[in-house]
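J.: What follows is a predicted structure for the sequence shown.
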Amino acid sequence: MLKEFRDFAMRGNVVDLAIGVIIGGAFGLIVNSLVADVFMPIIGVATGGVNFADLGYQLKAATVDAAGKEVPAVVIAYGKFIQFTINFLIVAFAMFMVVKGMNRMKKKQAEVPPAPPVPTAEEKLLVEIRDLLAKGR
């Protein structure tokens with residue numbers, strides 16, 4: 001059973017998938033930082049200093065119950081939705097550009113004709129014999 005598991009785990013597809021997940025997670029952190037630390041402040045300044053993460057509609061105010069425990073407010077946080085939507089659009093655009101670049105590279109590779117095969121020593125000898133026979137006629 002351990003041998004089967006090792007064979008399964010070491011197949012190329014599983015290793016490739018693991019690498020993809022790790023790189024995808026790191027890429028997600030980079031994009032989140034790009035959105036939160038670069039784009040959202042710029043958009044906030046363009047919209048008059050609005051911080052989208054703080055936008056929301058309060059349905060019920062925070063209260064204190066009879067036991068003295070604070071009950072948090074009920075809020076529809078549509079600003080976070082806007083921020084996550086922008087985040088998604090940036091990730092989708094970045095992935096589109098990566099796929100587009102890969103497709104362009106594949107297309108260029110397909111356009112280059114393969115080099116003719118190098119003849120073996122036997123084929124060279126046969127060509128020489130053919131040429132000598134053709135001269136003799």
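T.: Perfect, thanks for sending it.

J.: Report the secondary structure element holding the spatially closest residue to Phe39 that is not a sequence neighbour.
T.: Closest residue to Phe39 apart from its sequence neighbours, by CB to CB, 6 or more residues apart in numbering: Ile86 at 6.6 Å. Any C-beta I mention is one placed from the backbone N, CA and C, and that applies to glycine too. Element membership for Ile86, per DSSP states H and E: helix 78-111.

J.: how near is the residue nearest to the spatial centre of the chain to Gly28?
T.: Centroid-nearest residue in the chain, with CA atoms, centre = their mean: Met95, separated by 4.8 Å. As judged by CB to CB, to the nearest Å, Met95 and Gly28 stand 11 Å apart.

J.: what does Phe5 give?
T.: Computed with CB to CB, the distance linking Phe5 and Gly28 is 29 Å.

J.: Looking at these two, which has the bigger crowd around it?
T.: Gly28 (12 against 9; other CB atoms under 10 Å).

J.: Distance check, the more buried one against Phe88.
T.: Distance from Gly28 to Phe88, by CB to CB: 11 Å.

J.: Wait, a helix at Gln58?
T.: No: secondary structure of Gln58 (DSSP: H, G, I helix; E, B strand; the rest coil): strand, not part of a helix.
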